[in-house]
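Novice: give me a 3D structure for the following:
(one chain, ligands or ions: 1)
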Amino acid sequence: MNVYQKIIKEERRIYALAPMEDITDSVFRQILCDIGKPDIFFTEFMSTDGYMSKGRENVMHRLEFKDVERPVVVQLWGNTPENYAGTVKEVVKLSPDGIDINIGCSVKNVLRSGHCSALIKEPKLVKDIIKAVKSESGDIPVSVKTRIGYDSIITNEWFSFLLEQNLDLITVHGRISKDGYNIPANWEEIGKVVELRDVVSPTTVILGNGDVFDLDIADEYISKYGVDGVMIGRGVVKNPWLFSRRTDISEKERLEVLKKHLGLFKDTWEGVKSYDSQKKYVKMYISGFEGASELRQSLMECKEVEIALEILG
Ligand SMILES: Cc1cc2nc3c(=O)[nH]c(=O)nc-3n(C[C@H](O)[C@H](O)[C@H](O)COP(=O)(O)O)c2cc1C
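Specialist: Prediction:
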């Protein structure tokens, strides 16, 4: 039984952390383990083309995780079945709890090169990619994260096809590729995917994704649209404590969490990532108390993590 089926057998709802490039790295995930752990983590997406090139060293840090972060699903992107197969052959050695294929990202340069959500227009290639991943994934469940269409909504056609590919899980982001965040996620369409699933592939687990900013909304959507769970991204950026349902986070706790985060950052990423890359976390943790904005300001002006830690100390 795979990790998704296990949670469902326990009659639990799945609350998953969305993959977010440059945010949901191993350090942030370890912090979430302390302050509000989701049922499943997804890594940032990693390029299979990059991994299979001489530049492997530059991309493989995205796959790093510690045991405490389990269950953790690694997310891959690319559009060459051979590179997926080659990558997955290595990735299985890390024994991730799942392997996810990104058919959802809609950043302009990935679309221009026919990657991620541009693949919605290429079902034949998608079929080959899924086949290539499965040829090397062994017992590790395989999933897809995608949208409800590329330039128009094609829920019926696209998900009927995907559901025939024997996937363990599909995450449905309720927007088409050209939609920005100013257009609300279309949960009615996500509900239609659940109806299709019940007919075409009852064992495929469905996560809904888009505009969920707390677990009460997650619960409401799970009940209303029948999804097995919800994947949450920006809600966790706004409130890293989201998965704990707590609202009473003290100033002391916020400072302690940032200190721990920066300490882990130093141990994990020194020489790989700059302190600048950590400033987004300063914004996440340091808010909602008197003096927060002044403290944030001085931490934003720092150039080195050691100085930031001195200020916090
Ligand atoms: C900064 C940022 C980075 C993201 N990186 C990824 C990624 O690496 N892989 C992916 O599938 N989606 C990525 N996404 C999309 C999210 O996983 C999620 O689908 C999207 O934010 C909608 O969910 P939300 O409304 O809960 O934020 C990213 C989103 C943001 C805001």
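Novice: so which residues on the stretch 201-313 of the chain come close to the ligand?
Specialist: Proximity of the stretch 201-313 of the chain to the ligand is confined to 209, 210, 211, 212, 232, 233, 234, 235 under the rule C-beta under 6 Å from any ligand atom. Yep, even glycine has a C-beta here, placed from its N, CA and C like the rest.
Novice: would you mind checking those for buried ones?
Specialist: 209, 210, 211, 212, 232, 233, 235 (16 or more other C-beta atoms under 10 Å).
Novice: which SS class is the closest residue to the second one other than its chain neighbours?
Specialist: Right, the one you point to is residue 210. Spatially, and ignoring its direct neighbours in sequence, residue 210 is nearest to residue 185 (2.6 Å; C-beta to C-beta, 6 or more residues apart in numbering). Here residue 185 is recorded as coil under DSSP: H, G, I helix; E, B strand; the rest coil.
Novice: same thing with residue 145?
Specialist: Classification of residue 145 by three-state DSSP places it in strand.
Novice: what do you get for residue 43?
Specialist: Strictly by three-state DSSP, residue 43 counts as strand.
Novice: let me know the secondary structure of the closest residue to it other than its chain neighbours.
Specialist: Using C-beta to C-beta, 6+ apart and skipping residues adjacent in sequence, the residue nearest residue 43 is residue 74, 4.9 Å away. The three-state assignment at residue 74 reads strand, by three-state DSSP.
Novice: residue 74: what's it in contact with?
Specialist: 42, 43, 46, 63, 91, 94, 96, 98, 99, 100 (C-beta atoms under 8 Å, 6 or more residues apart in numbering).
Novice: which of those residues fall in strands?
Specialist: Those of the contacts of residue 74 mapping onto strands are 42, 43, 46, 98, 99, 100, per DSSP state E.
Novice: who's the fourth one bridged to?
Specialist: Put plainly, it is residue 98. For residue 98, the beta-bridge partners are residue 73 (DSSP bridges).
Novice: so it sits right up against residue 139, yeah?
Specialist: No: in this structure residue 98 lies outside contact range of residue 139 using C-beta atoms under 8 Å: 10.8 Å.
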